[in-house]
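Participant: Fold the following and give me the result.
(one chain, ligands or ions: 1)
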Amino acid sequence: MTKVFIGSDHGGYNLKEKIKEVFTPLGYEFEDMGTNSLESCDYPVYAEKVAKKVIETNEKGILVCGTGIGMSIAANKFKGIRASHCTDTFSARMTREHNDSNILCLGERITGQDLAIDIVKIWLETPFSNGDRHINRINLIKEIENK
Ligand code: RB5
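Facilitator: Numbers count the residues shown, from 1 in each chain. From the prediction side, this is the model:
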């Protein structure tokens, strides 16, 4: 069973709690890496917790902050992470098919709850295309990581 590691700061806490409701019906296991309240906290702390789990396990992650931007900047600092901040379902599909995105970032203050849930479902359910040109481009990203 695919496992999803999910995390947020205070700005993404409410949306994180909502997203957690979709995992079990869709057949995903999940682990909540915090935060656990609306108390102000620092998004890089949770980006790091989720990114490290995704790297260790080769599973997927979801990170939510106010905009989705801070989380994506922080998560993409980790070697092997391809974090995608999505505000629409087309991008969610494309970033799985073309970029083999392994972390989805969402902004609670940007994307409404129902749209965010659709984005999550599409992102989780869309496989990587395995197309040669996409594999090649991801390998080029890996080369950049090793420079
Ligand atoms: C917190 O106020 C906010 O800065 C954070 O949730 C996020 O939007 C950062 O990118």
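Participant: Report the contact partners of residue 91.
Facilitator: Contact analysis of residue 91 by Cβ atoms under 8 Å, 6 or more residues apart in numbering lists residue 84. C-beta here means a position set from N, CA and C on the backbone, and glycine is covered the same way.
Participant: ok, residues contacting stretch 118-125?
Facilitator: 2, 4, 19, 22, 26, 28, 60, 62, 84, 86-89, 92-93, 95-96, 101, 104, 106, 111.
Participant: ok, 6 Å please
Facilitator: Identification of contacts with stretch 118-125 by Cβ atoms under 6 Å, 6 or more residues apart in numbering yields 19, 86, 89, 92, 93, 96, 104.
Participant: Would you mark the buried spots in it?
Facilitator: Applying a neighbour-count criterion of 16 or more other Cβ atoms under 10 Å, the buried positions in stretch 118-125 are 118, 119, 120, 121, 122, 123, 124.
Participant: Ramachandran coordinates for residue 85?
Facilitator: Dihedral angles of residue 85 (phi, psi; degrees, to the nearest 10) stand at phi -90, psi 110.
Participant: how many neighbours does it have?
Facilitator: Counted with other Cβ atoms under 10 Å, residues neighbouring residue 85 total 25.
Participant: Show me what from this structure comes close to the ligand.
Facilitator: Applying Cβ under 6 Å from any ligand atom, one finds that the chain approaches the ligand through 9, 11, 43, 65, 66, 67, 69, 70.
Participant: can you redo those residues as JSON lines with distance to residue 131?
Facilitator: Shown next, in JSON lines, are the residues of the chain next to the ligand (distance: Cβ to Cβ, whole Å):
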{"residue": "9", "distance to residue 131": "35"}
{"residue": "11", "distance to residue 131": "36"}
{"residue": "43", "distance to residue 131": "33"}
{"residue": "65", "distance to residue 131": "31"}
{"residue": "66", "distance to residue 131": "35"}
{"residue": "67", "distance to residue 131": "31"}
{"residue": "69", "distance to residue 131": "28"}
{"residue": "70", "distance to residue 131": "31"}
